[in-house]
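K.L.:
coordinates for the following, if possible.
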Amino acid sequence: MKLFHIFKNKKILLLNIFLFSYVSINLIGGERGLYSYFEKKEFEKNLIKKEKLLSNNLKIIEKKNRLLSDKIDLDYLDIMFREKFKAGKKEEIIIKIR
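P.N.:
Sure thing, here's the model as predicted:
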């Protein structure tokens with residue numbers, strides 16, 4: 001009975017303790033908490049790295065496409081022919097590095 005009387009008199013204190021603990025738990029954990037913030041920050045860094053890699057690959061492919069479509073670059077065409085068909089002239093020696 002004494003415990004019930006203490007709770008009755010200290011309602012505001014208990015309510016403040018409950019609200020403080022609720023806010024602090026959700027600040028650290030939770031869906032929008034500190035832990036989730038760092039996870040999303042790391043995910044953003046990975047996406048930025050992936051975007052840079054993909055944009056570099058796209059630039060390379062666009063350059064190769066330009067060399068073959070607008071005004072045909074014979075040197076590049078010769079390089080592609082030699083790489084794909086492993087061919088060369090009779091007096092040339094082909095050394096495969098890879």
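
K.L.:
pick out the residue nearest the middle of the chain.
P.N.:
With distances taken as C-alpha atoms, centre = their mean, Leu47 lies nearest the centre of the chain, 1.8 Å away.

K.L.:
gap between the helix or strand where it lies and the chain center?
P.N.:
Per DSSP states H and E, Leu47 falls inside helix 34-69. Here the centre of helix 34-69 is set off from its chain's centre by 8 Å, with C-alpha atoms, centre = their mean, to the nearest Å.

K.L.:
any weak-confidence spans in the protein?
P.N.:
Applying pLDDT under 70 to the chain flags residues 1.

K.L.:
return the distance of the residue nearest to the centre of the chain relative to Leu54.
P.N.:
As judged by C-beta to C-beta, to the nearest Å, Leu47 and Leu54 stand 10 Å apart. The C-beta positions use only the backbone N, C-alpha and C, and glycine is treated the same way.

K.L.:
also Leu3?
P.N.:
Leu3 sits 64 Å away from Leu54, going by C-beta to C-beta.

K.L.:
neighbour count winner among those two?
P.N.:
Counted by other C-beta atoms under 10 Å, Leu3 and Leu54 do not tie: Leu54 has more neighbours, with 10 against 7.

K.L.:
mind listing what Ala87 touches?
P.N.:
Shown in contact with Ala87 (C-beta atoms under 8 Å, 6 or more residues apart in numbering): Phe81.
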